[in-house]
Structure formats: C-alpha cells, structure tokens
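> Okay, structure incoming, though there's no sequence with it:
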C-alpha cells in the first residue's frame, strides 16, 4: 500500500467509526450466540472478577493445586457450571444446546434459582490469583460493580462481563489506528489494517467472552500510540505520566506483553528525549509500576507463580532443538496456526464454509502458504535492514543507527514477542498451551507486517505495491467471508438447524419403571440408601436431544443437596449408566425446579438419584426432547 494520502480526514474518521461500530456489533452478536462457558477458561476468569467484586478485597494466592480442582471461589460460578453443564458439549460435536436455551424463560429460570447475591460470602482465593496478575480482573470487577447498580441478576452480570470485552475491542481499534498514523502510514492502509483486525474471526470470538487478553490488546495499542506521540512531542510531562500509567497497568495485566512493549519503546524514547529530561522521564514512567507490582507481590506472598518453574531438561541440547522444532510447527502449522485462522469454542469448533471439501482444504493450504510467503518476505526485509544498519555503524554513525532501529516500536514489540514466545515454549515445554489468541494483543503489527512491512522486501516499487494490494485484498476477502461463516460455524456447532428440525416431546408416565432404596407414593419419594434411584424406561432405544425433569424439592438442610441424573442404552451393555451422569446441586428450602439434561444420543433408560440427606422430591413430569425432520412430522 502506498503511503500517499488517498482519502481526507473526514472520510477517514467516518470510515473508522463505521469499522469500530461494525466490528463491535459483530462481537456483540458473538457474545450472545456463543453458549455460556463454551469459551476457553471463561469460568475461571469470571470467577476471579466476581470474587473481587463481591469479596470487596484482594485475596492472598494459594499455591496452584492446593485447592480441589474445579472448585470456584464464587457461588455463582459453581451454580452456572451445575446449571449449564459445559463439559457435556466440549469436544462433543453431536451435543447441541437444550430446548429453550437462550429464551427469556431460560434466563428467568437461571436467575430465579441462582444463590441470592446478598447471601454470598467469598472465603477462598480464586484459583487464578496465583496464575495471572490482577489488572484485568480488577477492571472487570469495577465494571460489574457499576452494572449491579442497575441489575443484580446473574444473566445480566454474565453478559455484561462479555460486553466489557466488546467495549475494549472498540478502544483497541481506535488506539491501533492512531498508532498506525503516528508511524506515518497512510490513512487508507491504516484503515485497511484496522478493518482486518476488527472483523477478523478470531478477534470477534475473543472479544465476545471474558478474557484478559482483551485488556492486554487495549493497553498494548494504547501504549503504541502514547509511546509514539510522547517521542514525537519530545517527552512532555503529561505524555510521560500517561504512558507510565499505561505501562504500569499492562504490567499487572499481562507482564510479558509489557516487557516487550517497554523494551521496544525505551530506545525510541531515549533517542527522542533530551538527556536533561531523562531523570524526570524515568520517574514518571516507572513510578506507577511500583505500587501496582508491589500489590501483586503481596498477593503472591512468596507463593511461586504457575509459570515460574521451568520444565525439566534431561538433555539440554536435545530438549532445546526438539522444543524449538515443536514451537515452529505449532506456530506455523498446527495448534497456534489453526486457532489463529479460525477454531472457536473451547478449541473444538473449526471454522467451516459451505463449499466442497477439496476447495475448503485448498483454502487452508493457501492460508498456510500465504503465511510462509509473508514470513519469508519478513526475514528478507529484516536481513536488509540489519545490513544497512551495520553499514551505518561501520561508517561511524552509531547514534543514527540506533535512532533508525528504534523508530518503530510497534514492529519491534512484535518481533520481541515472537522471540519471547519461542523462549517460553522451550523453557516451559508449552505448559501455557500456545494458541492463536496469544497474538490477539499484537493483531495490529501482525496485519501491518502482511500488508506494509513484508512487501517492502521487494526491490521494484510496482511489485511492492502489487503484493501489498493482493495480500490486503486476500485478507479483506477472508474477514468478509469469516464474518458470515464464523457465526454459521457457531450455530452449526451448538444448535440444531431450525429450518430442518423440530423437537418432538416424548412424555413418560408418572409411575416409574423401577425403584431402588426409595420410598415412593403418588410421584413423591425420599432416598433411604446410598444407591437410591427412580428409573424410567422408554419402549425402545431412541435418539433424544435431552430430558426435561420438573421437580418439587424440599431440602431442610442448611447446605446444598445433590441430585444426579444418569442414562443408558440398554441395547449397548458397554454404555453403563455410571458413564453418563449429570450432577446438580440444589439449594436449601422448598422450591420447584426444572432440570434440563443434554443427552444427544440413543437412550432407553434414565435414572434420577436423589441425595441420601433428608431431601424430599416430587416428580411433576419427565419429558424427552427428540429432534425430528419437519418433513417427517407432516
């Protein structure tokens, strides 16, 4: 892309606003379409923020693994896990969301049965307190505290947390565009890069759920812009103070991004700010980080961080070579590569387009081939820059060489982060599970590399322009198609096709087929032993989407009662009921509740296992939901 200005300021402002509004609207659609807790680690991220909001204080971290796995700090997190059963759908493509999911009745029921906010007390520290710094979770907790002034409902809180990520996306795009303009990139090229970043399928997905990388994206983009502006204006006091606050908060959000940004920005600032102003500059830049990082050290209180310990190196040289090979394969071919280009959900919903399989495979190879072409051009460009800087240093102009090398902190941060990722991959043997989302905060330099930096490795001006235009057009085409088919991928992965299927109810008789260690009369029963259950049997094994059980529960205990639902296909003896169990935790008191259990397979037998504690249940109805083609119903 050419650096000449092809559009005016007003036109650019209108187009930028359209990009921000359009990409934000798309992310909002994703936020309400992706089912609850069907995004990586969303429950643990939200649990930390809720614990800070309702605990009203910071928590000292507990050593990783010292608390029982999966036990959340906030009751709402556990309640959502029990109510939505996210494990049922993860890595199970046949599992679809139950009937009524997403309706007003569904969320009213979810809110009604949630633990009352006034009764919640946070005792244990969140699991992630020892894994990540507190910056994102504190910001999200503050946002959710404001939301409670208008509504304290669980459903409102959950989606407000997701919409906070959408807001951060809008800020990131604006700061990213401003940073590109500070680099003297033309308005058209800056808008194209911003639009690709905003509508990129992975961006829409990450910005649609509770994920700290969204705040890292915003702070890193803001850091790019503030650093370039501070350097251009000679290090004014207000600019330095604002930049220091940005660096400090990024440090307690994701320290590795902060380290790369600071390492790339300091040489630029050193060459642009007069040496007499440097004592003041150092104080303003470093001062915010001292109390912010000190608070994180207080939270850890000598507890080793999850990422502090290196992996074992039985044979140092062999381990380094093997892990480097694994890292490059991960980044450019397998997990990181495919999740960057479109694998959603809990890394179990690959991006799909309605096209022949051969064409789809061809497009994936083209994406991989394009990645390697851009990588090759980038390496050539870096080699040429290094050679020229070496000649400048050899000529005795080393200060000029440093000034040139440090002039682009955006690209330098990107390259430093790549080196850091290689180091972390080798040191920890990929304990952090590298994924495409690791690169979300650096989406701006990623796209600028493809459409602006890499093509300049070519000698001929027309060839550079042609390659830049072709790469930019290909990326625009990809995000245009991805904006449509990304949503269709989510619908296909988690929901039954509305146009082709309907759900037919299968009513079961009130009288159960079998009882075990239960007292039972007129649909009412109590458990009398450790293996108590009431069983219902279908006339024959049938494929069902789920079962809906309406219960009246009387739990006089002060703690929660446990109720399990199991099922089996008795024509397949290898599939025992014990391998198909959903567990629900019922609060104390007398209430009526409807339990929806996703099954998504052929079943013949279903059992309800009440708690052995004094807990009286009355089964109002048992209803199977069976998906059938609409044509078959006529």
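Structure received. A quick note: this is a predicted structure, and the numbers were derived from the prediction, not measured.
> Let me see the contact set for residue 209.
31, 34, 39, 42, 162, 165 (Cβ atoms under 8 Å, 6 or more residues apart in numbering). C-beta here means a position set from N, CA and C on the backbone, and glycine is covered the same way.
> Quick check: nearest residue in space to it, chain neighbours excluded?
Once flanking residues are discounted, residue 209 sits nearest to residue 39: 3.9 Å by Cβ to Cβ, 6 or more residues apart in numbering.
> again, but for residue 408
Closest to residue 408 by Cβ to Cβ, 6+ apart is residue 183, at 6.4 Å.
> Next up, phi/psi of the one you found, please.
Main-chain dihedrals, residue 183, degrees, to the nearest 10: phi -80, psi 0.
> now it: how far from residue 292?
The spacing between residue 183 and residue 292, counted by Cβ to Cβ, to the nearest Å, is 28 Å.
> same question, residue 234
From residue 234 to residue 292 the distance is 27 Å (Cβ to Cβ).
> These two: which is more packed in?
Neighbour count, other Cβ atoms under 10 Å: between residue 234 and residue 292, residue 292 has more, with 21 against 11.
> So what touches the helix or strand harbouring that one?
Assessed by DSSP states H and E, residue 292 sits inside helix 289-300. Contact with helix 289-300 is made by 58-61, 129-130, 133-135, 244, 247-249, 251-252, as judged by Cβ under 8 Å, 6+ apart.
> In ChimeraX, how would I select just the buried ones from these?
In ChimeraX syntax, the buried subset of the contacts of helix 289-300 is picked out as below (16 or more other Cβ atoms under 10 Å):
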select :58,59,61,129,130,133,134,135,244,247,248,249,251,252
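> Return the member of the contacts of helix 289-300 nearest to residue 143.
Minimum distance to residue 143 across the contacts of helix 289-300 is 13.0 Å, recorded for residue 135 (Cβ to Cβ).
> May I ask you to name the longest strand in this structure?
strand 533-555 (DSSP state E).
> Nearest to residue 312 among the contacts of helix 289-300?
Among those, residue 130 lies closest to residue 312 (Cβ to Cβ), at 20.9 Å.
> Now do the nearest residue to the closest one once chain neighbours are set aside, the pLDDT please.
Spatially, and ignoring its direct neighbours in sequence, residue 130 is nearest to residue 61 (3.9 Å; Cβ to Cβ, 6+ apart). We have a pLDDT of 84 for residue 61.
> doesn't residue 125 make contact with residue 61?
Yes: shown here, residue 61 and residue 125 form a contact pair, counting by Cβ atoms under 8 Å, at 5.8 Å.
> just to revisit the earlier point, from the contacts of helix 289-300, which land in helices?
135, 244, 247, 248, 249, 251 (DSSP state H).
> list the contacts for the first one?
Just to be clear, that refers to residue 135. Listed by Cβ under 8 Å, 6+ apart, the contact set of residue 135 reads 212, 215, 249, 250, 251, 252, 253, 254, 292.
> One more pass at 10 Å, please.
Contacts for residue 135 (Cβ atoms under 10 Å, 6 or more residues apart in numbering) come out as 212, 215-216, 219, 248-255, 258, 292, 295-296.
> Most widely separated two among the residues you listed?
For those, the farthest-apart pair by Cβ to Cβ is 216 and 295; their separation is 18.3 Å.
> The two: which has the busier surroundings?
For residue 216 versus residue 295, the count of surrounding residues by other Cβ under 10 Å is larger for residue 216: 24 against 16.
> The more buried one sits in which helix or strand?
Per DSSP H and E, residue 216 falls inside helix 213-232.
> ok, now residue 77?
Assigned by DSSP H and E, residue 77 belongs to helix 75-84.
> Which elements pack onto that helix?
helix 42-55, helix 104-112, helix 154-182, strand 581-586, strand 589-609 (3 or more Cβ pairs under 10 Å, 6 or more residues apart in numbering; DSSP states H and E).
> Show me which parts of the longest one are buried, residue by residue.
Looking back up the chat, that one is helix 154-182. The neighbour-count check on helix 154-182 (16+ other Cβ under 10 Å) flags 154-166, 168-182 as buried.
> Repeat that for the fourth one.
By neighbour count on 16+ other Cβ under 10 Å, the buried set for strand 581-586 is 582, 584, 585, 586.
> what does the second one give?
Residues of helix 104-112 classed as buried by neighbour count (16+ other Cβ under 10 Å): 106, 107, 109, 110.
> repeat for the last one
Under the neighbour-count criterion of 16+ other Cβ under 10 Å, strand 589-609 has 593-609 buried.
> now the angle from it to helix 75-84?
40 degrees (axes from the mean of the first three to the mean of the last three Cα atoms, to 10 degrees).
> Note down every partner strand of strand 589-609 and its orientation.
If you go by DSSP bridges, strand 589-609 pairs up with strand 533-555 (antiparallel), strand 561-568 (antiparallel).
> what's near enough to touch the residue nearest to residue 75 when sequence neighbours are not counted?
The shortest distance from residue 75 to any non-neighbouring residue, by Cβ to Cβ, 6+ apart, is to residue 115 (4.4 Å). By Cβ under 10 Å, 6+ apart, the contact list for residue 115 reads 74, 75, 76, 78, 79, 154, 560, 587.
> The second one and residue 60, how far apart?
Distance, residue 75 to residue 60, by Cβ to Cβ: 20 Å.
> likewise the fourth one?
From residue 78 across to residue 60, the span is 21 Å (Cβ to Cβ).
> Can you check the pLDDT for the closest residue to residue 619 other than its chain neighbours?
Closest residue to residue 619 apart from its sequence neighbours, by Cβ to Cβ, 6+ apart: residue 523 at 5.1 Å. Residue 523 is assigned 76 on the pLDDT scale.
> And residue 523, how far from residue 341?
Distance, residue 523 to residue 341, by Cβ to Cβ: 53 Å.
> So these two - more neighbours on which side?
Counted by other Cβ under 10 Å, residue 523 and residue 341 do not tie: residue 341 has more neighbours, with 20 against 15.
> The nearest residue to that one once chain neighbours are set aside: how many residues sit nearby?
Distances taken as Cβ to Cβ, 6+ apart place residue 367 nearest to residue 341, at 5.5 Å, with adjacent residues excluded. Using other Cβ under 10 Å, residue 367 has 16 neighbouring residues.
> for residue 118, same thing?
Using other Cβ under 10 Å, residue 118 has 6 other residues around it.
> you'd agree it is up against residue 152?
Yes: using Cβ atoms under 10 Å, residue 118 is in contact with residue 152, at 8.7 Å.
> which residues sit in contact with residue 536?
Taking Cβ under 10 Å, 6+ apart, we find residue 536 in contact with 508-514, 547, 549, 567, 604-608, 619, 622, 624.
> Tell me how far it lies from residue 566.
From residue 536 to residue 566 the distance is 11 Å (Cβ to Cβ).
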